[in-house]
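J.: Need a 3D model of the following:
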Amino acid sequence: MSAFIHPTAIVSPTAKIGADCYIGAFSIVGDAVVLGDKVRLESHVVVDGLTSIGDETHVYPFVSIGLAPQDLKYGGEPTATEIGRRNHLREFVTIHRGTAGGGGLTKIGDDNLLMAQAHVAHDCRLGNEIIMANAATLAGHVEIADRANIGAYSGVHQFCRVGLEAFVGGYSVVVKDAPPFAVIQGNHAKCYGLNRVGMKRRGYAKETIEKLHRAYHLLLSAKLNTTQAVEKIKTEIKDCAEVDLLVNFIESSKRGIVK
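T.: A predicted model of the protein is given here:
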């Protein structure tokens, strides 16, 4: 009863609307939608399908969430979209629900900023505190780890992963896994080593930064293939959780990594 619903909005009587929500003019909220507390939908927002949106998420005009995926294999099966808390989804963002073949769920974590015209396709999994700049595009089944940045007008190929705190520069095309803590840029994207500036801003210890810098030197500049570089990293660099994470990311890659 504490929610504000504009008279021109169309809200299904079976939708679940949390306390202190705001639903703006000409917005549409479908039958199976669940809005947490203090969710704000500005004007002309469409939320449909089996979709949940967490507390205090702010959705700007002309955003579309939970509609059918752009996948010709999709046959109308009841798949879902799950969005966490305190996200900011700017104008014309599109987020599509999952497919049966991809696990049936598109999921976005907490405290993310998706700038205008960003696109999250079916079955993507996004962590927390991610920034997708204007018109950044994720194809289906993409995984983005916490605090990664995807630059404006960049595209990430289906089934690719972007690692923890990776920085993908604008207008890039990512067709392999983008490793954590790195700077990735170009078409097709290349890895330009450790994002030292970003790590300093995040408060990482100097010793951690130096160990990761050495790991990236071995991976990119030491004239070793990836397998040789990983073995040398394991041998030379000890007691660093961030380096271990990099090694695990490389060893678990199915598409290979950007080098």
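J.: quick one, what contacts Ala136?
T.: Met115, Ala118, His119, Ile150, Gly151, Ala152, Tyr153, Ser154, Gly155 (Cβ atoms under 8 Å, 6 or more residues apart in numbering). No exception for glycine: its C-beta is placed from N, CA and C like everyone else's.
J.: In the helix or strand bottoming out on mean pLDDT in the chain, which residues are buried?
T.: When the helices and strands of the chain are compared on mean pLDDT, DSSP states H and E, helix 196-201 comes out lowest with a mean of 94. Neighbour-count burial for helix 196-201 flags Arg196, Gly198, Met199 (criterion: 16 or more other Cβ atoms under 10 Å).
J.: For Pro65, name its beta-bridge partners.
T.: Just to correct that, residue 65 is Ile rather than Pro. Here Ile65 shows beta-bridge partners Val47, Ile95, assigned using DSSP bridges.
J.: need the contact list for it.
T.: 45-48, 51, 53, 59, 81, 83, 89, 93-95.
J.: now stretch 228-240: mean pLDDT?
T.: For stretch 228-240, mean pLDDT is 97.
J.: Helices along the chain, start to end?
T.: Secondary structure of the chain (DSSP state H): helices located at 196-201, 206-220, 226-236, 241-251.
J.: Ok, which of those comes nearest Leu126?
T.: Leu126 lies closest, by Cβ to Cβ, to one member of the helices of the chain: helix 241-251, at 16.5 Å.
J.: can you list contacts of that closest one?
T.: Taking Cβ under 8 Å, 6+ apart as the rule, helix 241-251 contacts 161, 163-164, 177, 179-181, 204, 208, 211-212, 215, 219, 226, 230, 233-234, 237, 257.
J.: check contacts around the closest residue to Ile5 other than its chain neighbours.
T.: Nearest non-adjacent residue to Ile5, counting by Cβ to Cβ, 6 or more residues apart in numbering: Ile23, 4.6 Å away. Residues near Ile23 by Cβ under 8 Å, 6+ apart: Ala3, Phe4, Ile5, His6, Ala9, Val11, Ile17, Val29, Leu41, Val45.
J.: cutoff 6 Å now
T.: Ile5, Ala9, Leu41 (Cβ atoms under 6 Å, 6 or more residues apart in numbering).
J.: low pLDDT regions in this protein?
T.: The model of the chain has pLDDT under 70 over residues 1.
J.: Just give me the residue closest to the centre of it.
T.: The residue lying closest to the centre of the chain (Cα atoms, centre = their mean) is Leu126, at 3.5 Å.
J.: how near is that residue to Gly24?
T.: Distance, Leu126 to Gly24, using Cβ to Cβ, to the nearest Å: 25 Å.
J.: one step back: top of the contacts of Ala136 by number of neighbours, please.
T.: Ile150 (31 neighbours; other Cβ atoms under 10 Å).
J.: how near is that one to Ile83?
T.: Distance check for Ile150 against Ile83: by Cβ to Cβ, it reads 17 Å.
J.: Skip the chain neighbours and tell me the closest residue to Cys240.
T.: Lys211 (4.5 Å).
J.: how deep is that neighbour tucked in, by neighbour count?
T.: By other Cβ under 10 Å, neighbour count at Lys211 equals 21.
J.: Next: Lys254.
T.: With other Cβ under 10 Å as criterion, Lys254 counts 9.
J.: now it, nearest residue through space, not along the chain?
T.: In space, and not counting its chain neighbours, Lys254 is closest to Phe159: 7.1 Å by Cβ to Cβ, 6+ apart.
J.: ok, that neighbour touching Glu143?
T.: No. In this structure, Phe159 is not within contact of Glu143 by Cβ atoms under 6 Å, at 8.6 Å.
J.: Among the two, which residue is more densely surrounded?
T.: Each of Phe159 and Glu143 has its neighbours counted (other Cβ under 10 Å); Glu143 has more, 19 against 16.
J.: quick one: contacts for the more buried one?
T.: Counting by Cβ under 6 Å, 6+ apart, Glu143 touches Arg125, Arg161.
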